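1. no sequence on this one, just coordinates:
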């Protein structure tokens, strides 16, 4: 056990249970930034990076950490794509295909919104590179189930997914989430009159 975790394990008192359960989470009314997809995308992206660094340090001794690492990476990417689409929708009434868990459908929506907004297709070399990276995540988990459960909704076991290179997972996540974030920044700056398309 690491020193960081021992502080929590030191709190455990099996022989003396508390007389009442203390409140350990609280809910507050929605408030601006913390209630946005952008905030959640940021939170999951940073959570992914923290856990990735720990998982890499503890590899291969604690190889089970690769499962939540990949889940956080995938979920962060999904939230970043949705946040970018949401930003474009402020001026584009076209409904997205489906705001579900399919990364490739979200990617197509983002590229379509971006193309309609800019008047140019999103078909440059970097877009193609990010799409290839996104395809890798999509192949791993097409609907957000495979990295959360060992079996499908039909109770069929999934193949085991293993990380072969933590650095490449980081880079793939970084490129795709920063691409989505850059489209948000570009859109926002143009809306504010700081740049033009």
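-> Received the coordinates, thanks. The model shown is predicted, which means the values in this text are computed figures rather than measured ones.

2. phi and psi next, for residue 151.
-> Backbone torsions of residue 151, given as degrees, to the nearest 10, read phi -140, psi 160.

3. dig out what it forms beta bridges with.
-> residue 157 (DSSP bridges).

4. next, count neighbours for it.
-> 11 (other C-beta atoms under 10 Å). C-betas here are computed from N, CA, C, even on glycine.

5. what bits of the protein have low per-residue confidence?
-> 1-2, 194-197 (pLDDT under 70).

6. tell me who's in contact with the residue most central in space within the chain.
-> Centroid check for the chain by C-alpha atoms, centre = their mean gives residue 76 as the closest residue, at 0.6 Å. By C-beta atoms under 8 Å, 6 or more residues apart in numbering, the contact set of residue 76 is 41, 44-45, 47-48, 173, 177.

7. mind redoing it with 7 Å?
-> Counting by C-beta atoms under 7 Å, 6 or more residues apart in numbering, residue 76 makes contact with 41, 44-45, 48, 173, 177.

8. how about these, which pair is most distant?
-> 41 and 173 (11.6 Å; C-beta to C-beta).

9. before we move on, the earlier item: which one of the contacts of residue 76 sits closest to residue 91?
-> Using C-beta to C-beta, these come closest to residue 91 at residue 41, 19.9 Å.

10. returning to what we had before: give the helix, strand or coil label for the residue nearest to the centre of the chain.
-> Three-state assignment for residue 76 (DSSP: H, G, I helix; E, B strand; the rest coil): helix.

11. buried ones among the contacts of residue 76?
-> With neighbours counted using 16 or more other C-beta atoms under 10 Å, these contain these buried positions: 41, 44-45, 48, 173, 177.

12. for those residues, give me a markdown table that also has secondary structure and distance to residue 34.
-> Formatted as a markdown table, those follow (DSSP: H, G, I helix; E, B strand; the rest coil; distance: C-beta to C-beta, whole Å):
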| residue | secondary structure | distance to residue 34 |
| --- | --- | --- |
| 41 | helix | 12 |
| 44 | helix | 13 |
| 45 | helix | 15 |
| 48 | helix | 19 |
| 173 | helix | 22 |
| 177 | helix | 19 |
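
13. no further queries at this time; thank you.
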